[in-house]
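S.K.: fold the stuff below for me.
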Amino acid sequence: HHLSDLIGFVYSRMEAKAAAADLHSRLRLLGEKVSGNQPLTVCLFLDGENAWEYYPGNGREFLREFYRRIESDPDFRALTASEAIAAAGEIPTNTGIFPASWINANFDVWIGHSEDVTAWELLWDAREVYARAVDVYQKGRPGAPTETALKQAHGALLAAEGSDWCWWFGPEHSTPNDAEFDALYRKHLTEIYLALGQVAPEELAKPIKRRPEHAFQLAPTGFLRVKVDGRESSYFEWLGAGLYSPERRGGSMHGRVFYLHEMRYGFEEDRLCIRIDHFPETLSELDDAEFRITVGAAEELVIVVKLRRGRIQDFAVEKARLCLLKLESVAVAAFDRILEVAILRDQLDLKGQSRLKLGVALWHGGLPV
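M.R.: Next up is the predicted model:
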């Protein structure tokens, strides 16, 4: 613990050669103090990469000087953990370990909040998909991914596993870059599915980090009469609709590009109608944009509208992850100046429900925007 703290908090303020000499001499002293026939193994555990940003040149001169001293000292060998275990011979076995985190000696920061749990579960799901793909490849089954695809998926998996992602999820820590950080984590997970030729789950389009959304909201005030043609056919068409219009002044993401403007929604006698207004100048930059509208009460319904150069290329409705047939008896959609979608009310299980969840996500190139 003491040696770790010296590296983490003291040596960065010293001249590199003097710091390396001090650490080397302290290790020699340990070896001289401990008597026995077996070699003494000293492990130095640091808090990730945090120490090096405080050193001149990210600690390169200190590390090179320290390793040079270890390499030229005949009493020392630098070992991997596996090599150290093999060199030690008979060693006692622990029957259990306790949380030795330097934060309250527990893992609450990383696993104690619903955001943390969501992040781990999404990682678990992606890792399971990757493991199954490896199994299919090794057994040479039909439809197995290529070796290149597996390498790409593995790289994305390592990126999702390889940092303190969950340090920043939950209420304990926050920065102005929370939204980008969150999006990057989900992008790595999404790329695992894409590399393996699979459809990424809808959950990866939803932010994990929950920050208060400042938006102007109005509840529906009456039944609608909508002509689904992708245009505002008349002023009265959406009169009485509910409105969700996010505020865009400032925000946590400097330079953020906005694609979606606002959403209107409401019921006709026999349909739920949804209208999405977009920013044409930014949406036009996405050749193959894809809207995914999620409507949920007791059971979730997902409407997928794929665009190609400003026109609907594909339209599908999924229920319980199955694509519904006979779309004309389920829903209609149109896109021109706006996106309009109407879903037949009998497709929604509203019995005994007092709330209806509604979400819109924009995807591009298989990734959530």
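S.K.: tell me which stretches of the stretch 151-300 of the chain form helices.
M.R.: According to DSSP state H, counting those that start in this stretch, the stretch 151-300 of the chain carries its helices in the segments 165-168, 178-195, 280-283.
S.K.: need the residues that contact the longest one.
M.R.: Same thing as helix 178-195. Applying Cβ atoms under 8 Å, 6 or more residues apart in numbering, the contact partners of helix 178-195 are 119, 122-123, 126, 129-130, 145, 149-150, 152-153, 156-157, 159-160, 165, 168-169, 175, 199-201, 204-205, 207-209, 211, 252-253, 256, 366-368. All C-beta spots, glycine's among them, are computed from the backbone N, C-alpha and C.
S.K.: ok, now how distant is Glu172 from Val42?
M.R.: Look at Glu172 and Val42: by Cβ to Cβ, to the nearest Å, they are 32 Å apart.
S.K.: repeat for Asp336
M.R.: 70 Å.
S.K.: swap in His2?
M.R.: Distance, His2 to Val42, by Cβ to Cβ: 12 Å.
S.K.: Ala316 touches Val304, doesn't it?
M.R.: Yes: using Cβ atoms under 8 Å, Ala316 makes contact with Val304 at a distance of 4.6 Å.
S.K.: between these two, which has more neighbouring residues?
M.R.: Taking neighbours as other Cβ atoms under 10 Å, Ala316 and Val304 compare with Val304 leading, 18 against 15.
S.K.: which SS class is that one?
M.R.: strand (DSSP: H, G, I helix; E, B strand; the rest coil).
S.K.: which residues touch it?
M.R.: Counting by Cβ under 8 Å, 6+ apart, Val304 has contacts 290-292, 314-318.
S.K.: sorry, back to before: let's have the helices of the stretch 151-300 of the chain in a markdown table, adding distance to Arg264, mean neighbour count and mean pLDDT.
M.R.: Shown next, in a markdown table, are those (distance: least, Cβ to Cβ, whole Å; neighbours: other Cβ atoms under 10 Å; pLDDT from 0 to 100):
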| stretch | distance to Arg264 | mean neighbour count | mean pLDDT |
| --- | --- | --- | --- |
| helix 165-168 | 34 | 20 | 90 |
| helix 178-195 | 25 | 20 | 95 |
| helix 280-283 | 17 | 14 | 88 |
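S.K.: higher neighbour count, His2 and Val42?
M.R.: Each of His2 and Val42 has its neighbours counted (other Cβ under 10 Å); Val42 has more, 12 against 6.
S.K.: I'd assumed Leu30 was in contact with the more buried one.
M.R.: Yes: Val42 lies in contact with Leu30 (Cβ under 8 Å); the separation is 6.0 Å.
S.K.: give me the common contacts of those two.
M.R.: Counting by Cβ under 8 Å, 6+ apart, nothing touches both Val42 and Leu30.
S.K.: next, give phi and psi for Cys43.
M.R.: phi -110, psi 130 (degrees, to the nearest 10).
S.K.: the one 3 residues further on too?
M.R.: Backbone torsions for Leu46, taken as degrees, to the nearest 10, come to phi -110, psi 160.
S.K.: residue contacts, it?
M.R.: Counting by Cβ under 8 Å, 6+ apart, Leu46 touches 4, 7-8.
S.K.: can you give me the pLDDT of Ser252?
M.R.: Looking at Ser252, its pLDDT is 41.
S.K.: how about the strands in the stretch 251-369 of the chain?
M.R.: 260-267, 271-278, 289-296, 300-308, 311-319, 322-323, 331-335, 339-344, 357-364, 367-368 (DSSP state E, counting those that start in this stretch).
S.K.: out of those, the one nearest Val226 is which?
M.R.: Distance to Val226, taken as Cβ to Cβ, is lowest for strand 271-278 among the strands of the stretch 251-369 of the chain, at 4.5 Å.
S.K.: for that closest one, packing partners?
M.R.: Of the remaining helices and strands, those touching strand 271-278 by 3 or more Cβ pairs under 8 Å, 6 or more residues apart in numbering; DSSP states H and E are strand 260-267, strand 289-296, strand 339-344, strand 357-364.
S.K.: any weak-confidence spans in this protein?
M.R.: 102, 163, 211-213, 249-256, 298 (pLDDT under 70).
S.K.: domain parsing for it?
M.R.: As given by the TED database, the domain ranges for the chain are 1-87, 114-205, 215-368.
S.K.: including distance to Pro99, could the ones you listed go into JSON lines?
M.R.: Output for those, formatted as JSON lines (distance: least, Cβ to Cβ, whole Å):
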{"stretch": "domain 1-87", "distance to Pro99": "14"}
{"stretch": "domain 114-205", "distance to Pro99": "15"}
{"stretch": "domain 215-368", "distance to Pro99": "32"}
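S.K.: Gly89: neighbouring residues, count only.
M.R.: Neighbour count for Gly89, taken as other Cβ under 10 Å: 9.
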